[in-house]
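no sequence on this one, just coordinates:
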């Protein structure tokens with residue numbers, strides 16, 4: 001594993017303390033967040049020195065092959081959170097609460113959040129949207145579980161908004177998004193994801209709320225940034241406009257598997273070094 005990043009020197013327990021995020025916002029130090037869905041990805045993100053890992057319902061689209069995040073289940077998030085938590089030791093692991101896991105009641109929301117923390121190993125949970133979600137967030141925080149909010153483009157609402165389009169590109173639409181952001185902060189959330197909104201709006205919200213904002217297709221003024229790991233590594237066939245690819249390992253994987261298949265068909269794999277001989281007497 002790589003050397004401990006300098007900012008980790010201020011604590012000894014290994015896990016990033018939640019209050020440190022507020023201090024990072026105060027100091028103007030950027031927060032780095034990525035998604036991960038399994039132990040190897042969690043371990044590599046940890047080794048790279050990221051601050052936060054999201055076990056996102058984006059998994060439904062980028063690794064499960066679905067058209068949206070809506071069908072993702074709590075059990076799927078629970079399993080993936082367990083895997084990521086085994087690989088990531090220093091970053092805070094945040095589990096997405098998928099569609100249908102918190103809308104019915106505060107009791108449902110608290111019960112499922114508790115499962116993600118106790119059984120999944122999450123350090124916090126994330127909820128999308130405003131409206132009744134604000135009440136759910138307040139209830140979960142009241143139960144002692146940290147909550148991350150999410151405003152702007154909220155993929156779980158795709159059946160309502162109709163498409164994965166950027167939000168707030170006309171100033172007349174800013175009010176409801178700003179109201180949701182402030183309400184999430186007032187409900188006790190420790191941070192807020194702002195996804196696919198007009199840059200001036202994301203910048204404005206970041207200045208309005210006391211908690212750190214995490215941008216994705218939002219603004220460089222946000223207190224931190226998040227990208228989907230598969231998008232930034234070239235493993236997704238289609239990526240949003242706001243993604244910058246920091247690697248292109250998809251073609252390399254395809255080429256490696258093709259070479260393996262060719263070697264098997266040519267009978268050159270396995271070779272003498274990949275088989276076991278008899279023990280010598």
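Sure thing, it's come through. What you are looking at is a predicted structure, and each value in this text was computed from that prediction instead of being measured.

could you check the pLDDT of the residue nearest to residue 234 when sequence neighbours are not counted?
Leaving out its chain neighbours, the residue that sits closest to residue 234 by Cβ to Cβ, 6 or more residues apart in numbering is residue 248, at 3.6 Å. The way it works is simple: take the backbone N, C-alpha and C, and place the C-beta from them, glycine included. Per-residue confidence (pLDDT) for residue 248: 94.

next one: the helix or strand hosting residue 258 to chain centre, how far?
Residue 258 belongs to helix 249-265 when assigned by DSSP states H and E. Distance of helix 249-265 from its chain centroid, counting by Cα atoms, centre = their mean, to the nearest Å, is 30 Å.

what are the buried residues along that helix?
By neighbour count, and taking 16 or more other Cβ atoms under 10 Å as the criterion, helix 249-265 has no buried residues at all.

which intervals of this protein have sub-threshold pLDDT?
In the prediction, the chain carries residues with pLDDT under 70 at positions 1-13, 162.

can you pull the phi and psi angles for the residue nearest to the spatial centre of it?
Taking Cα atoms, centre = their mean as the criterion, residue 54 is the residue nearest the geometric centre of the chain, at 2.5 Å. Phi and psi for residue 54, reported as degrees, to the nearest 10, are phi -100, psi 120.

same check on residue 148?
Residue torsions, per degrees, to the nearest 10, at residue 148 are phi -110, psi 130.

residue 226 too?
Main-chain dihedrals, residue 226, degrees, to the nearest 10: phi -130, psi 140.

any idea what the closest residue in space to it that isn't next to it in sequence is bridged to?
Leaving out its chain neighbours, the residue that sits closest to residue 226 by Cβ to Cβ, 6+ apart is residue 33, at 3.9 Å. Assessed by DSSP bridges, residue 33 has beta-bridge partners residue 52, residue 226.

residue 91 - how many residues pack around it?
The local packing of residue 91 (other Cβ atoms under 10 Å) involves 24 other residues.
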